[in-house]
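1. Give the three-dimensional model of this entry:
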Amino acid sequence: MRALDVVTTYAQDAKTLELPWPFTGREDELELIRRSLTAGRHGIVVTGPAGCGKTRLVTEALRGTDGARVTGTPESHGLSFAAFAHLLPESVSLHRAVHILSGVRLLVVDDAHLLDEASAALVHQLAVHGRTRLVVVAADGAPVPGAVSRLWRGELLPRLALEPLPREDTARLLALGCALERLTVNRLHRVCLGDLRLLRDLLGAVRESGLLTRVPDTDEWAWRGPLPVTPTVRERTAPVLDRRGPEERETLERLAFAGPVPPRLDDLDLAALERLEADGLIRVNDRGAAHLTHPLHGPALRAAAGRLRARRLARTPQQCRAALEAERDALARGMEDMDVRGTPAPVGEWLAEEGAPVPAGYAAVRARYTRLRGELREAAAWAREGLRWVPDDVSCRGELARASAQLGEVTGADEATVARGDVDDAARAAAGDDVYARYDAVRLGTPERAAGRLPAGGVFARHADALARGDGAALDRAAEVLEERGFLLFAAEAHAQAVRAHRDPRAARTSRTRAVALARRCQGARTPALAGLVLGELTARQRQIVTLAAAGLSNRQIAEQLTLSIRTVGNHLYGAYARLGAADRGALPWLVDLPATESA
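-> Numbering: from 1, shown residues only. Alright, predicted model coming up:
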């Protein structure tokens with residue numbers, strides 16, 4: 001049967017297909033798809049925005065699995081059973097098509113929103129009969145044949161609505177290509193909105209255009225300046241670049257060049273604004289300010305404008321000064337209130353991305369705010385951005401020293417040394433006699449030095465008291481409050497301290513799991529409080545196997561190197577995961593990078 005001929009081909013393609021990047025993140029979604037194909041289940045529908053990695057996710061989930069594959073295409077939309085042409089004879093009825101394909105154990109239907117009506121009806125009937133397991137992939141925002149949408153609306157198959165790849169997973173993905181500084185990573189993530197095809201295209205264009213510059217004293221690269229208008233970028237931004245009406249085009253460009261400081265609505269063509277809003281190209285917030293809906297549209301419009309037009313419309317850094325100062329003050333208030341859950345600060349990002357000067361005073365405040373949030377690489381990037389324009393700024397140098405110490409990148413010094421102000425004058429200035437400097441004593445394990453010097457009743461004081469008493473439960477409660485207020489690194493450290501304070505091994509494992517999960521969000525933090533977090537509870541053999549697994553060796557390679565059976569290696573890893581609170585191999589590189597502490 002022709003259907004069965006395709007089964008083996010698809011399995012081989014899944015094993016040998018060369019893809020642009022190694023598969024990153026999506027562990028939960030991967031497992032969900034695999035579980036949907038187990039005994040007694042009939043498959044799953046995967047939906048999501050264009051380019052978010054739906055097809056790649058399904059390919060990874062089904063790697064090595066026997067099955068047939070069909071794909072919808074816009075060119076064949078009017079032809080009956082066009083997607084199944086390689087599996088079915090000509091002039092086949094729906095009933096006959098269902099009978100022919102009933103012997104296929106697994107059918108993958110990609111781009112199901114582009115299926116012709118007959119193919120969509122066939123997929124629906126296969127789901128009704130339930131003999132063939134289905135994995136159906138469809139894009140959001142596009143018309144979907146009714147027979148396809150009824151798969152999940154009629155509850156024939158469960159639906160996995162795929163979200164864009166999170167920022168941290170995007171950062172790990174980009175790190176596989178080259179070392180990009182964090183502001184560049186954030187910019188790429190923001191303009192691509194999880195569109196991985198656009199991300200790959202844009203990164204390649206930035207490289208080829210020579211827009212990446214080496215960050216001084218690092219091995220990282222930064223992207224500043226214009227957006228390359230590649231064919232993919234032009235395709236994604238066609239709704240604004242191809243807008244014909246002169247009033248609408250003028251309005252779009254004025255919004256694009258205004259950036260995060262939009263012009264007054266009264267200064268714009270209101271009729272054009274209404275048409276653009278109706279088409280979903282702009283949004284008006286509660287304060288009456290208009291913004292472009294997609295973050296890619298502004299950079300594309302600026303890059304496509306002629307030089308003279310850009311000169312007429314562009315804002316100068318001086319015109320952004322008042323908004324930038326307001327942004328800096330809002331960040332400072334958040335730190336004073338000991339609440340850093342996230343304050344929108346787009347003006348500073350705009351200036352940095354455009355390659356305009358960022359005042360050192362703003363950069364230092366922004367660096368400190370992001371460092372307190374645990375965004376350590378971002379903090380270092382902001383400090384360097386300030387030093388780019390004022391190389392001797394003491395505050396920026398101090399923030400860079402603190403962030404580098406917490407990342408474990410200060411040669412010959414650890415965070416305790418930097419916190420004491422022994423690195424240089426800049427570090428001493430950054431670690432002045434404020435509440436955060438006093439709180440460092442608690443984080444570094446000497447709460448007695450902060451006794452009576454922290455705001456009474458506040459979370460920092462409660463953390464100090466719990467640590468002094470060795471109260472694991474109270475440390476966990478303090479960590480929860482710290483996390484709620486945005487102090488992710490401090491929360492990870494409090495949970496790590498709770499691990500050593502708990503007498504109940506189960507409570508200690510729970511604290512360890514929470515500490516690891518939070519620390520992984522802190523962009524590579526390596527602080528004294530986290531140093532005793534890992535490996536101490538493992539046996540010597542488990543530590544040996546975990547270290548090799550973290551280095552990227554497969555179970556088979558580890559077994560060959562240690563002269564063990566593959567089953568034995570798997571059993572040791574399973575036991576190590578349980579003790580470390582790790583879900584899978586993804587956590588191991590982070591865990592093993594930290595110094596191991598032997599348990600008593």
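
2. what secondary structure does Glu493 sit in?
-> helix (DSSP: H, G, I helix; E, B strand; the rest coil).

3. what about stretch 442-457, average pLDDT?
-> Here stretch 442-457 scores 92 as its mean pLDDT.

4. Straight-line length of that stretch, end to end?
-> This stretch, stretch 442-457, spans 15 Å end to end (Cα to Cα, to the nearest Å).

5. Can you give the distance of it from its chain's centre?
-> Offset of stretch 442-457 from its chain centre (Cα atoms, centre = their mean, to the nearest Å): 34 Å.

6. and if you look at stretch 176-189?
-> Counting by Cα atoms, centre = their mean, stretch 176-189 is centred 11 Å from the centre of its parent chain.

7. Show me which residues of that stretch are buried.
-> Leu180, Glu181, Arg182, Leu183, Thr184, Val185, Asn186, Arg187, Leu188, His189 (16 or more other Cβ atoms under 10 Å). Bear in mind the C-beta positions are built from the backbone N, C-alpha and C, glycine included.

8. Listing request: residues of the stretch 301-450 of the chain with sub-threshold pLDDT.
-> By pLDDT under 70, the weakly predicted segments of the stretch 301-450 of the chain are 410-433.

9. likewise the chain?
-> Low-confidence regions of the chain, defined by pLDDT under 70, span residues 1-21, 177, 410-433, 532-538, 577-600.

10. in it, which residue is closest to the centre?
-> Nearest to the mean C-alpha position of the chain, by Cα atoms, centre = their mean, lies Arg167 at 1.9 Å.

11. Helix or strand: which one has the nearest residue to that residue once chain neighbours are set aside?
-> The shortest distance from Arg167 to any non-neighbouring residue, by Cβ to Cβ, 6 or more residues apart in numbering, is to His189 (5.1 Å). Here His189 sits within helix 182-192, counting by DSSP states H and E.

12. mind checking the SS state of the residue lying farthest from the centre of the chain?
-> Here the chain reaches farthest from its C-alpha mean at Ser91, the gap being 48.0 Å by Cα atoms, centre = their mean. When classified by three-state DSSP, Ser91 comes out as coil.

13. Could you do Glu327 as well?
-> For Glu327, the secondary structure call by three-state DSSP comes out as helix.

14. That one contacts Gly348, correct?
-> Yes: taking contacts as Cβ atoms under 8 Å, Glu327 lies within contact range of Gly348: 6.1 Å.

15. can you list residues touching both of these two?
-> Taking Cβ atoms under 8 Å, 6 or more residues apart in numbering as the criterion, Glu327 and Gly348 both touch Tyr362.

16. Quick check: the residue nearest to the centre of the chain vs Arg190, distance?
-> According to Cβ to Cβ, to the nearest Å, Arg167 stands 9 Å off from Arg190.

17. One more: Arg520?
-> Distance, Arg520 to Arg190, by Cβ to Cβ: 21 Å.

18. can you give me the strands for the stretch 151-300 of the chain?
-> With DSSP state E, counting those that start in this stretch as the criterion, the stretch 151-300 of the chain has strands at 159-161, 212-214, 221-223, 282-284, 290-292.

19. Which one, of those, ends up nearest to Gln561?
-> Nearest to Gln561 among the strands of the stretch 151-300 of the chain is strand 221-223; the distance by Cβ to Cβ comes to 35.3 Å.

20. helices or strands next to that closest one in the packing?
-> helix 182-192, strand 212-214 (3 or more Cβ pairs under 8 Å, 6 or more residues apart in numbering; DSSP states H and E).

21. Distance to Tyr439 for those - can I get that in TSV?
-> Shown next, in TSV, are these (distance: least, Cβ to Cβ, whole Å):
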stretch	distance to Tyr439
helix 182-192	24
strand 212-214	36
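
22. okay, now the domains of the protein?
-> As given by automatic domain parsing, the domain ranges for the chain are 2-161, 167-233, 237-315, 319-413, 436-530, 540-593.

23. From the chain's centroid, how far away is stretch 142-151?
-> 30 Å.

24. Same check on stretch 185-199?
-> In terms of Cα atoms, centre = their mean, the centre of stretch 185-199 is set 10 Å apart from its chain centre.

25. before we move on, what about stretch 497-515?
-> Distance of stretch 497-515 from the chain centroid (Cα atoms, centre = their mean) equals 27 Å.

26. Same check on stretch 84-95?
-> Distance, stretch centre to chain centre, for stretch 84-95: 43 Å (Cα atoms, centre = their mean).

27. same question, stretch 67-80
-> Distance, stretch centre to chain centre, for stretch 67-80: 33 Å (Cα atoms, centre = their mean).

28. Same question for stretch 221-236.
-> Here stretch 221-236 is found 20 Å from its chain centre; the criterion is Cα atoms, centre = their mean.

29. Do me a favour and get the end-to-end distance for that stretch?
-> Terminal residues of stretch 221-236 lie 26 Å apart, using Cα to Cα.

30. same check, this time on stretch 278-296
-> Termini of stretch 278-296 sit 19 Å apart (Cα to Cα).

31. circling back to that earlier point, most tightly packed of the strands of the stretch 151-300 of the chain?
-> Across the strands of the stretch 151-300 of the chain, averaging neighbours per residue (mean count of other Cβ atoms under 10 Å) puts strand 221-223 on top, at a mean of 22.

32. Ala564 and Gln557 touch, don't they?
-> No Ala there; residue 564 is Leu. No: using Cβ under 8 Å, Leu564 makes no contact with Gln557, being 11.2 Å away.

33. still on that earlier bit, contacts for the helix holding His189, please.
-> Residues from elsewhere that reach helix 182-192, judged by Cβ under 8 Å, 6+ apart: 167, 170-171, 174, 180, 198-199, 202-203, 212, 221-223, 227, 295-296, 299, 349, 352-353, 375, 377-378, 380-382, 385, 523.

34. so how far is His463 from the residue nearest to Arg341 when sequence neighbours are not counted?
-> Excluding its sequence neighbours, the residue lying closest to Arg341 (Cβ to Cβ, 6+ apart) is Gly486, at 3.9 Å. From Gly486 over to His463 the distance is 15 Å, taken as Cβ to Cβ.
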